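**Student:** sharing a sequence plus its predicted fold:
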Amino acid sequence: MLSGSQDVIVTRKGEGRTVEKMKGFSMEYLVQTEAFEMMKVRVEPGGATQALTHEGEESHLVMAGELEVTVDSKVFRLREGDSIWYKSSSPHRWKNPADKDVIVYSIAFPRTYASLLMQELEGSSGACPG
């Protein structure tokens with residue numbers, strides 16, 4: 001999956017650790033360090049998260065499709081090439097409102113985001129990244 005030293009991590013295309021915890025969502029971890037993580041997320045049409053709140057920051061880049069991101073009740077509709085950054089301490093959620101998959105590259109600080117997300121995915125039927 002990953003190759004390199006403590007100073008460099010390389011993940012080759014298709015070699016990230018893929019996690020599919022629920023119908024409609026899959027995440028491929030591209031880089032994980034003690035400080036942050038980067039993921040490729042695929043959300044099927046209609047996929048949505050519950051609101052999440054945790055410490056840290058997130059940034060997302062939509063590579064294909066449309067993603068609706070709600071932060072503090074404000075809705076942002078992102079399309080291919082659009083990006084967003086927000087403090088994760090604000091309530092936030094994702095939704096794919098379109099009729100095709102959305103692909104998003106996500107960076108989260110700190111890395112503890114992953115453990116929060118996994119708990120959310122395992123504990124409910126409608127949650128995912130965001």
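**Tutor:** On my side now, so go ahead.
**Student:** from now on I want contacts and neighbour counts done on CA atoms only, so please keep to that.
**Tutor:** Will do.
**Student:** distance of residue 75 relative to residue 94?
**Tutor:** Noted for residue 75: a distance of 10 Å to residue 94, by CA to CA, to the nearest Å.
**Student:** please say which of these two ends up with more neighbours.
**Tutor:** residue 94 (24 against 13; other CA atoms under 10 Å).
**Student:** ok, the more buried one touching residue 73?
**Tutor:** No. Look at residue 94 against residue 73 with CA atoms under 8 Å: they stay out of range, at 11.8 Å.
**Student:** hang on, the earlier thing: what touches both of residue 75 and residue 94?
**Tutor:** 68-69 (CA atoms under 8 Å, 6 or more residues apart in numbering).
**Student:** after the helix or strand of the chain with the lowest mean pLDDT, next one along is what?
**Tutor:** Least confident helix or strand, the chain: strand 2-4 with a mean of 49, by mean pLDDT, DSSP states H and E. Where DSSP states H and E defines the elements, the next helix or strand beyond strand 2-4 is strand 9-11.
**Student:** what pLDDT, on average, does that following strand get?
**Tutor:** Strand 9-11 shows a mean pLDDT of 84.
**Student:** again with stretch 25-33
**Tutor:** 85.
**Student:** tell me how far that stretch is from the chain's mean position?
**Tutor:** In terms of CA atoms, centre = their mean, to the nearest Å, the gap separating the centre of stretch 25-33 from the centre of its chain is 8 Å.
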